[in-house]
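Student: Okay, here's the prediction I keep looking at, along with the sequence it came from:
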Amino acid sequence: MLFLQLPLLEVLLPGGDNKDDFQEPVSFQIIRIYSFYNHSWVQTLGSGWLGELQTHGLESNSGSYIFLWPWSKGNFSNEEWKEQEKLCFTSSIQLIQAFQNHASQWQLDYPFELQTAAGCELHFGGASVGFMHIAYQGSDFMSFQNNSWLPSPKGGSRAQHVCSLFNLNQVGLERADRLVSDICPRLLLGLLDAGKADLQRQVKPEAWLSTGPSPGPGHLMLVCHVSGFHPKPIWVMWMRGEQEYMGTQRSDILPNADGTWYLWKSLDVEATEAAGLSCRVRHSSLGGQDIILYWKHRNSVGLIFLAVIVPLVLLTGLAFWLRKCW
């Protein structure tokens, strides 16, 4: 059934009909953070993510899911969600108890943190790939593969001891395998289908040019701002003609309050080389019509003019004031 539905990904995913390099595997995962303060106090935080879009929250005490979108339940019934909540809550309690009971044996010094990620990834025209990872203090610790837990090289002997204990729990192994190989792919496809109106939302970007702090004498920092676009994949580059201009610096793609995205790309260039440069923006919402903004030569001339004239005017005014006072 999963293989029959995989071709739907090209229809359900935003930008699925775009020939640019915007298509990526899509994933769903549940992320949990366990903060162990002492042998009796553990704080947990959890969330569910469809790609880079948060779709679920988790109640820290009960383990109940918080549905952040009208379609966050996917095609699962209320009874199925209750079952998943129960299973995930039970697994979480067992993990906490295991680390509390063996903290001294595994030489774990309080406070410490565990991070877990469990989910699956669907590829275009390929199979579903399930994954489950545990990190200790932010470093890879162990992972679930082929129905068993394997230690990470960074985990050392401590990770080997934990894996040996976890691999004795046959019920837990079967539960983990079912989660990543069956439950997660079905939920992922259901979310893509139920949420396609939001996931396929296309919002055109707005772009503008500015200058940043001067990088040095005779140089300009050209900045191309792009904001308000959705979905997230985008291509932005400083160009000279049809050639990409080397040396471009890019910011992270940051979220806006309305669910759209923002980024900038800057370029340190000699003032005499700025004329003829352009910023090109390519996005799935533009229908193949790139946004091209040209850096006008008068921009740099105007900046030089202001840099010379404004101080000269101020100095002239100061001279008149001093002469008047004298």
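Tutor: Happy to help now that I have it.

Student: Could I get the contacting residues of L286?
Tutor: Applying CB atoms under 8 Å, 6 or more residues apart in numbering, we find L286 in contact with K204, P205. Quick note: C-beta positions are derived from backbone N, CA and C, even for glycine.

Student: I'd like the distance between it and R280.
Tutor: 11 Å (CB to CB, to the nearest Å).

Student: G317 too?
Tutor: Counting by CB to CB, the gap from G317 to R280 is 44 Å.

Student: what about these two, which has more around it?
Tutor: Between G317 and R280, counting by other CB atoms under 10 Å, R280 is the more crowded of the two (17 against 10).

Student: so that one sits in a helix?
Tutor: No. Counting by DSSP: H, G, I helix; E, B strand; the rest coil, R280 is not part of a helix but strand.

Student: so L165, which of the three states?
Tutor: helix.

Student: what's around the nearest residue to it once chain neighbours are set aside, how many residues?
Tutor: Leaving aside its sequence neighbours, L165 sits nearest to A98 (CB to CB, 6 or more residues apart in numbering; 6.4 Å). A98: 16 surrounding residues under other CB under 10 Å.

Student: A98: what's it in contact with?
Tutor: V162, L165, F166 are the contacts of A98 under CB under 8 Å, 6+ apart.

Student: Could you count how many residues lie near the last one?
Tutor: Neighbour count for F166, taken as other CB under 10 Å: 19.

Student: next one: the second one
Tutor: The number of residues packed near L165 is 14, by other CB under 10 Å.

Student: Would you confirm that it contacts H102?
Tutor: Yes. Checked against CB atoms under 8 Å, the pair L165 and H102 is within contact range at 7.2 Å.

Student: Give me the common contacts of the two.
Tutor: With CB under 8 Å, 6+ apart, L165 and H102 have no common neighbours.

Student: Could you pull up the residues touching the residue nearest to Q100 when sequence neighbours are not counted?
Tutor: Distances taken as CB to CB, 6+ apart put H39 closest to Q100, at 5.6 Å, once the chain neighbours are dropped. H39 makes contact with Q100, A103, Y110, according to CB under 8 Å, 6+ apart.

Student: which ones are touching the closest residue to H123 other than its chain neighbours?
Tutor: Nearest residue to H123, sequence neighbours excluded (CB to CB, 6+ apart): P25, at 4.7 Å. By CB under 8 Å, 6+ apart, P25 lies in contact with E121, L122, H123, F124.

Student: Can you select the buried ones from those in PyMOL?
Tutor: To isolate the buried ones among these in PyMOL, judged by 16 or more other CB atoms under 10 Å, type:
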select buried, resi 121+122
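
Student: ok, so of the contacts of P25, who is nearest E270?
Tutor: F124 (43.5 Å; CB to CB).

Student: sec struct for that closest one, please.
Tutor: Reduced to three states by three-state DSSP, F124 is coil.

Student: Could you do S91 as well?
Tutor: Under three-state DSSP, S91 comes out as helix.

Student: do the one 5 residues further on as well
Tutor: Following three-state DSSP, the label given to I96 is helix.

Student: For the nearest residue to it once chain neighbours are set aside, grab the count of nearby residues.
Tutor: Distances taken as CB to CB, 6+ apart place V42 nearest to I96, at 5.3 Å, with adjacent residues excluded. Other residues near V42 come to 20 when the count uses other CB under 10 Å.

Student: I figured V42 hits F36, correct?
Tutor: Yes. Judged on CB under 8 Å, V42 makes contact with F36 at a distance of 5.3 Å.

Student: between those two, what contacts are shared?
Tutor: Taking CB under 8 Å, 6+ apart as the criterion, V42 and F36 both touch Q100.

Student: Find the centremost residue of the chain, please.
Tutor: Centroid-nearest residue in the chain: E52, 4.6 Å away (criterion: CA atoms, centre = their mean).
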